[in-house]
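Chemist: Give the three-dimensional model of this entry:
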Amino acid sequence: MPPFRPQRDHEVGVDRSNSASATTARMRPGIAVALMLVALFAGGHSVASGVTLSDQDKICLGCHGTAGLEKKLADGGTLSLHIDGAAFAGSVHSAVGCAACHADVDLRTHPARAPKIKSAREYTVARVEACKSCHEDKFKLYETSIHATLLREGNPIAPVCADCHSPHAIRAKAARASLEDIPCRKCHGEIFEAYAQSVHGQARRKSPDSIAPICSDCHHAHEVAAASTSGQPTGACLTCHQDALGAHQVWLPNAATHLQVISCPVCHAPTAKRRVDLRLIDRASGKRVAESEGVPQFEARARSVDAKGLGLDALALQSLLKEFSREGGEGKVILRGRLEVSNGPDGHRLTAKSGAIRACATCHRQGSDVFQSVTVSIVGADGRPVRYGAQKDILNSVASVDSVGGFYAIGATRIKLLDWLLVLALAGGIGIPIGHQTLRWVFGRYAQKIRDQEAARRAERGTEPSRDPPAGGTPG
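Modeler: Next comes the predicted model:
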């Protein structure tokens with residue numbers, strides 16, 4: 001899909017090639033204002049009936065209500081200057097009027113002294129300051145979002161206020177708009193189409209007043225976060241489906257563990273491709289390891305240990321963990337496995353619960369498809385996961401036993417090698433604290449047997465038995 005280039009309507013200087021606007025611009029301010037008013041009442045634009053605009057706003061719309069009005073920019077592009085009068089009159093911003101956001105415009109000299117603009121993008125980003133003056137609370141939330149991170153990194157299409165909110169046509173409760181009006185679809189077209197066909201999207205299409213979630217309900221409107229790194233999507237699902245645990249416990253063994261380590265779309269998007277993602281976790285905090293902004297390191301380190309470029313194997317994974325644990329000491333960084341869908345669109349193709357996967361053998365069998373794709377990941381500086389491919393046999397290695405132990409029960413997937421590794425891991429985990437006592441007991445029994453045999457032989461020879469240590473003690 002080509003990069004989204006949103007149309008941006010703003011009130012700045014006019015294009016001198018437009019004959020009507022050029023004529024107005026050359027006239028004295030008083031005459032220009034008079035002509036604006038004439039154009040206003042001559043039908044140069046439309047205003048919603050029953051809506052009263054200020055005289056100053058009517059003056060502005062006298063020119064900017066003209067369809068096709070635009071300004072040529074320094075980069076060769078154009079900026080639309082047309083404002084739909086009816087849309088503006090019906091917007092929440094009509095109450096504050098044009099001057100609230102365009103205080104720098106002086107009608108006595110406008111448009112002759114309109115500022116020069118290098119590009120539409122530069123102007124749109126600069127206008128964020130006008131939004132911030134009234135919506136500082138929303139701006140603070142935006143600053144924590146993945147969109148703001150992308151903007152700071154210089155991404156040329158990272159959305160800012162005007163990309164999602166048409167500044168001259170903002171309506172109350174815009175977030176609950178119909179599917180066609182949801183701004184996310186402009187950039188995330190493929191994901192949006194998958195959502196539109198889902199059980200949630202179909203419910204919204206049938207009724208805009210439906211409680212079925214839209215994008216902002218799961219990802220938030222301003223502090224947008226990547227679902228796959230913020231505890232989502234399961235966390236978002238449980239916000240509405242609060243009875244999910246109880247409903248699953250009726251038929252699903254170990255339901256709580258399933259909900260903890262398996263992403264909801266794994267079963268509720270039955271056509272999705274799936275994978276096991278081994279996540280690097282800081283042992284002390286329990287949080288996912290994240291890259292510092294401007295200092296990417298994960299992919300470079302992964303490539304350095306994956307010399308043949310075939311994907312991480314067991315030894316390469318061990319080396320990678322040591323690399324990330326280096327500053328905090330051995331074992332600082334550990335792995336935790338999670339079963340998830342392989343891409344964004346699949347994660348949004350949710351079906352009704354009657355169509356969800358309920359057959360245990362889908363996962364719990366030898367050679368299951370869900371264990372054929374494996375990745376290792378951390379959180380990137382922009383909040384999105386950074387993944388590196390791994391060989392599927394890595395799940396059967398000692399290196400990853402700790403990572404799969406959280407969601408794998410012995411015998412659950414019929415993988416005998418993995419069963420043995422988990423048994424050994426379990427034995428290793430409990431062997432140290434009880435090993436000494438076990439050895440004492442084993443050798444104590446053996447020593448007592450020897451003493452009993454010696455005593456019997458002496459009794460047969462009629463010799464006096466020697467004093468022995470208490471039963472169960474160790475020799476020496």
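
Chemist: All the helices of the stretch 151-300 of the chain, in order from the start?
Modeler: 161-164, 189-196, 199-206, 215-219, 234-240, 244-249, 255-261, 265-268, 298-305 (DSSP state H, counting those that start in this stretch).

Chemist: Comparing the ones you listed, which comes out most buried?
Modeler: Across those, the average number of neighbours (mean count of other CB atoms under 10 Å) peaks for helix 265-268, which reaches a mean of 24. Heads up, the C-betas are built off the backbone N, CA and C, glycines and all.

Chemist: Quick one: mean pLDDT for that one?
Modeler: Across helix 265-268, pLDDT averages out at 94.

Chemist: For that helix, which helices and strands make contact with it?
Modeler: Judged by 3 or more CB pairs under 8 Å, 6 or more residues apart in numbering; DSSP states H and E, the packing partners of helix 265-268 are strand 333-341, helix 344-348.

Chemist: now the angle from the next helix or strand after the last one to strand 333-341?
Modeler: The reference is to helix 344-348. Sequence-wise, the next helix or strand downstream of helix 344-348 (DSSP states H and E) is strand 374-379. Strand 374-379 runs at 110 degrees relative to strand 333-341, counting by axes from the mean of the first three to the mean of the last three CA atoms, to 10 degrees.

Chemist: Can you say which of the helices of the stretch 151-300 of the chain is nearest to Leu315?
Modeler: helix 298-305 (8.0 Å; CB to CB).

Chemist: between that closest one and strand 374-379, how big is the angle?
Modeler: Going by the same axes, to 10 degrees, helix 298-305 makes 140 degrees with strand 374-379.

Chemist: Following helix 298-305 in sequence, what is the next regular element?
Modeler: Scanning onward from helix 298-305 (DSSP H and E), the first element met is helix 314-325.

Chemist: domains for the chain, by residue range?
Modeler: Domain assignment for the chain, taken from automatic domain parsing, gives 19-172, 250-414.

Chemist: need the least confident one among those domains, by mean pLDDT.
Modeler: domain 19-172 (a mean of 81).

Chemist: For the stretch 1-150 of the chain, which segments are assigned as helices?
Modeler: 19-26, 29-41, 55-64, 85-89, 98-101, 120-126, 128-134, 136-143, 146-152.

Chemist: Quick check: Ser373 touching Leu278?
Modeler: No: counting by CB atoms under 8 Å, Ser373 sits too far from Leu278 to count as a contact (11.6 Å).

Chemist: who's more crowded, the two?
Modeler: Leu278 (26 against 15; other CB atoms under 10 Å).

Chemist: any idea how far Arg303 lies from Val376?
Modeler: 12 Å (CB to CB, to the nearest Å).

Chemist: Overlap in contacts, those two.
Modeler: When contacts are counted by CB atoms under 8 Å, 6 or more residues apart in numbering, Arg303 and Val376 have Tyr388 as shared neighbours.

Chemist: Next, the buried residues of stretch 154-172.
Modeler: Of the residues in stretch 154-172, 158-170 count as buried by neighbour count, 16 or more other CB atoms under 10 Å.

Chemist: Figure out which of the helices and strands packed on helix 265-268 is closest to Gly90.
Modeler: helix 344-348 (31.5 Å).

Chemist: could you list every residue that touches the closest residue in space to Arg275 that isn't next to it in sequence?
Modeler: Spatial nearest neighbour of Arg275, excluding adjacent residues (CB to CB, 6 or more residues apart in numbering): Ser373 at 3.8 Å. Taking CB under 8 Å, 6+ apart, we find Ser373 in contact with 273-276, 342, 392.
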